[in-house]
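1. Next come a sequence and a model predicted from it.
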Amino acid sequence: MEISADELQNVLNNVLKKHQDLKTKGFALESCRSMIALMDTDGSGKINLDEFRHLWNKIKSWQTIFRHYDTDQSGTINSYEMRNAVKDAGFHLNNQLYDIITMRYADRNMNIQFDSFICCFVRLEGMFRAFHAFDKDGDGIIKLNVLEWLQLTMYA
Ligand SMILES: O=C(O)/C(S)=C/c1c[nH]c2cc(Br)ccc12
Ligand SMILES: [Ca+2]
């Protein structure tokens, strides 16, 4: 039994209906396609139950972090809180990457909404996992030709 992007969208948006405090318009199909791509470890184009369970548990832990920082329950967190949320989730980035995340995921008020927050974390998780899969000797350096690079970055 495998889950497609539109099925994942239905599942996640039905869950969101039970969490009105997250004040989100829901996950766009494109965001769910990205989640599938980043969690689709066997390249099937869908996620199986193990891959879904991994995604689900990650979203569950990440929404706890989001709620921790969304102290006024506005349904958004600001770019400064996002830095701490990223660190709390165990992602070690640099200032340039924090700025890139704000540029890519924040709204016009420089705040990050829940669905964007989750999409950002899914992408961070997926890209770190993909890098470590290539980094066979664990030296923090990988060597990719352009097609390998495109395979990694286009299906994300
Ligand atoms: O509020 C809670 O205790 C839980 S278990 C929340 C969630 C657990 N999984 C989630 C997925 C989405 Br999408 C949104 C909220 C949650
Ligand atoms: Ca799969």
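-> In hand now; what should we look at? Ligands and ions are numbered 1, 2, ... in the order given.
2. which stretches of the protein form helices?
-> 5-17, 29-39, 49-69, 79-88, 95-105, 114-134, 146-154 (DSSP state H).
3. got a list of what Ser116 touches?
-> Under the criterion of Cβ atoms under 8 Å, 6 or more residues apart in numbering, the neighbours of Ser116 are Tyr105, Ala106, Asp107. (C-beta placed from N, C-alpha, C; glycine too.)
4. The second one against Ser79, yeah?
-> In other words, Ala106. Yes: with contact defined as Cβ atoms under 8 Å, Ala106 reaches Ser79; the gap is 5.8 Å.
5. Who does the nearest residue to Asn109 once chain neighbours are set aside form a beta bridge with?
-> Nearest-residue entry for Asn109: Thr76, 7.8 Å, with adjacent residues in sequence omitted and distances by Cβ to Cβ, 6 or more residues apart in numbering. Using DSSP bridges, the beta-bridge partners of Thr76 come out as Gln113.
6. near ligand 1, which residues of the chain show up?
-> Contacts of the chain with ligand 1, taken as Cβ under 6 Å from any ligand atom, map to Leu12, Val15, Leu16, His19, Ile59, Lys60, Gln63.
7. Just the buried ones from the residues you listed?
-> Leu12, Val15, Leu16, Ile59, Gln63 (16 or more other Cβ atoms under 10 Å).
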